[in-house]
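>>> Predicted model, plus sequence, below.
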Amino acid sequence: MSEETVPDQGTGAARRRPSLPFDPIEAAAGLWSQHWGDVPRMRAVTSLMRVHQLVLTELDERLRPLGLTFARYEVLVLLSFSRRGALPLGKIGERLQVHATSVTPLVKRLEAAGLIRRSPHPEDGRAVLASITPEGRELVERATEVVMSARFGLGSLSDEQCDDLTTLLTSPREAAGDFEV
């Protein structure tokens, strides 16, 4: 079994994680082909999901010393990009393309850390507004440096490969109605 270098969860320093002596996705594809068809799509989706896990794990590990996860970081970035530094919770879920029930725990954690404030929406009595604090703005700047230094978890890809990957993944997103064309 060989090892790969990954950032340590607490410090961001390098540590070793054992890697398999074979590609488990290719092994699964071999078995899959004996029972079902569409092996190229099975390999592609399994690879996509695994890369998602690897990227999210790396970014979460790098952000952990700042008290953030990538999901909480995304909320802070979204609020920092908004004109007023504030958005209704429903709008946060819509823009991040997650269910509204997923937003509430993220916002509560960020509020407990003093990075955002929740308040009643001034125009819609049913809505709650999340506003980024000065501490949240300062942390999003530091966290962005961390994410960018990690090259968004895709440091093994060239800029051209990243552009190609984006292009490849746009078609299934369009087909699913992820956005209007």
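Perfect, thanks for sending it. Note that this is a predicted model, so its numbers are computed, not measured.
>>> Downstream of the helix ranked longest in the chain, the next helix or strand is which one?
Using DSSP state H, we find that the single longest helix of the chain is helix 39-63. Using DSSP states H and E, the next helix or strand after helix 39-63 towards the C-terminus is helix 70-81.
>>> which parts of that next one are buried?
Residues of helix 70-81 classed as buried: 70-79 (neighbour count, 16 or more other C-beta atoms under 10 Å). For the C-beta atoms, the positions are set from N, CA and C on the backbone; glycine is no exception.
>>> Might you report the residue contacts of residue 74?
Residues in contact with residue 74 (C-beta atoms under 8 Å, 6 or more residues apart in numbering) are residue 96.
>>> Can you read off the pLDDT for it?
In this model, residue 74 is scored at 97, pLDDT.
>>> if we can go back for a sec, would you mind listing the buried residues in the longest helix of the chain?
Going by neighbour count (16+ other C-beta under 10 Å), the buried part of helix 39-63 is 42-43, 46, 57-63.
>>> ok, back up a step: which of the buried residues of helix 70-81 sits closest to residue 50?
Top of the list for closeness to residue 50, among these and by C-beta to C-beta, is residue 70 at 16.6 Å.
>>> Just to confirm, what's the three-state secondary structure of residue 117?
Secondary structure of residue 117, reduced to three states by DSSP: H, G, I helix; E, B strand; the rest coil: strand.
>>> count of residues packed around it?
For residue 117, the tally of surrounding residues (other C-beta atoms under 10 Å) stands at 15.
>>> in which helix or strand would I find the closest residue to it other than its chain neighbours?
What sits nearest to residue 117 in space, not counting adjacent residues and going by C-beta to C-beta, 6 or more residues apart in numbering, is residue 131, at 4.9 Å. Residue 131 is part of strand 128-132, with elements assigned from DSSP H and E.
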